[in-house]
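*Asks:* give me the fold of what follows.
(one chain, ligands or ions: 2)
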Amino acid sequence: MIVDSQKAESFFRMLSESKKTVIAGHFNPDGDCIGCLTGMRSWIESSFPGSVESVSMIVPSIFPDYLHFLPGADDVLVFPKDRSRSKTLIAEADTIICMDFNNLARTEDMAGLLSESNAVKILVDHHPSPEAFPDLTISETEVSSASELAWWLVSEVSSRHGLSVPFDTKTSFYTGMMTDTNNFCNSVFPSTFLMASQIAEAGVDRDKIQMEIMNSFSQQRMRLMGEMLLNRMRMFNDLKAATMVLDASTKERFDYRDGDSEGFVNLPLKIKEVEISALFTQGDGFIKVSLRSKGAVSVNRLCRSYFNGGGHERAAGGRLYMPIEQVEDYFGKCLREFLQKEGNGAV
Ligand code: 5GP
Ligand code: MN
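*Replies:* Numbering: from 1, shown residues only. Ligands and ions are numbered 1, 2, ... in the order given. Model (predicted):
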């Protein structure tokens, strides 16, 4: 059993006593994050119809258009856009569920409000080294995604209490799992296929989800991908690494929309010799760092040491504060030092 039955029971009890619930996601919300929020909201609303007054979903920054097909995604509040409403909802919440992040700092401007709140606080997450949550921490790293963990959690609770899991929850959690595994490529466990099988059996429209996520690029996004591969990829052969830099002028040239570079960082790993891939994206006031590994190198530790971030062993991210022209050389220097220290890499 993936979720401890006592924890599942505590989760049920906390939610059955909650009138106003807030579900919070992380900065730069991805498919796993939004899938968790919409899936969990549908499940709470259908499971506790007599007691629930409101279930709100709040994220600290905007999320890509291609996730708006998820049932209920249009109700997700974006903190900087809906600041006063979000503040009220957080202040009035009696339960807050944090999903798909391991540390309140990942909610940026919302972190202070969340930590000040007197609500019951629950964590449902799959990242290593989670912050201890005072009331309930449901954290497993040996699952594909927070959405998969949430699936096993609501399945366990529902079967114990004779509840049924709504169709919309299945659609959302399946999408979250599918996006976080990069369409069943990474971090797939036997339990992941079991989840997929159970959800497929329930008749969820996998073809539609596949189409919405994988085959709905804009023309500009597709051309940007070509540009990045042809002209922006730099090889660090001795380090078995490759980098790509997406600067502000390229973004403008290709009419960049939020989420357009999703998945680009995985592409250099298709090259046989490349074991580490890095994507640097120029943002407002900082450079977003995305790292992937297909070998033994822990990009989680690499990000913690040099890139002001963290994540999973093979997928991690962070931030840099330096001119965009300097990031590739900085990356090369840091990776070389890291591999020498860890002694498990190419050098
Ligand atoms: P992505 O490269 O897709 O943005 O992020 C991959 C993973 O890295 C995420 O699942 C998340 O766990 C982690 N991550 C991304 N950005 C940050 C960050 O700024 N700080 C931390 N601690 N983790 C991050
Ligand atoms: Mn995730």
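
*Asks:* what does stretch 240-255 rub up against?
*Replies:* 220-221, 223-224, 227-229, 232-236, 256, 260-261, 264-265, 268, 271, 273-282, 295, 324, 327-328, 331-332, 335, 345-346 (C-beta atoms under 8 Å, 6 or more residues apart in numbering). No exception for glycine: its C-beta is placed from N, CA and C like everyone else's.

*Asks:* filter those residues to the buried ones?
*Replies:* Buried by 16 or more other C-beta atoms under 10 Å: 221, 224, 227-228, 232-233, 236, 256, 260-261, 264-265, 268, 274-282, 324, 327-328, 331-332, 335, 345-346, out of these.

*Asks:* count of neighbours near the residue of the stretch 1-150 of the chain found nearest ligand 1?
*Replies:* Residue of the stretch 1-150 of the chain nearest ligand 1, by C-beta to the nearest ligand atom: His127 (5.3 Å). Neighbour count for His127, taken as other C-beta atoms under 10 Å: 21.

*Asks:* repeat that for Phe133.
*Replies:* Using other C-beta under 10 Å, Phe133 is surrounded by 20 other residues.

*Asks:* now it: how far from Ile97?
*Replies:* 10 Å (C-beta to C-beta, to the nearest Å).

*Asks:* for Val3, which residues are in contact?
*Replies:* Residues in contact with Val3 (C-beta under 8 Å, 6+ apart) are 138, 140, 149, 152-153, 156.

*Asks:* can you pull the contacts of the closest residue to ligand 2 within the chain?
*Replies:* Proximity to ligand 2, evaluated over the chain using C-beta to the ion, is greatest for Asp32 at 3.5 Å. With contacts defined as C-beta under 8 Å, 6+ apart, Asp32 is in contact with 100, 145-147, 176-177, 179-180.

*Asks:* quick check: phi and psi at Phe69.
*Replies:* According to degrees, to the nearest 10, the main-chain angles of Phe69 amount to phi -70, psi -20.

*Asks:* does the residue nearest to it when sequence neighbours are not counted sit in a helix, a strand or a coil?
*Replies:* Spatial nearest neighbour of Phe69, excluding adjacent residues (C-beta to C-beta, 6 or more residues apart in numbering): Glu212 at 4.8 Å. Here Glu212 is helix, with the state taken from DSSP: H, G, I helix; E, B strand; the rest coil.

*Asks:* pLDDT value on Glu212, please?
*Replies:* We have a pLDDT of 96 for Glu212.

*Asks:* any idea how many residues pack against it?
*Replies:* 16.
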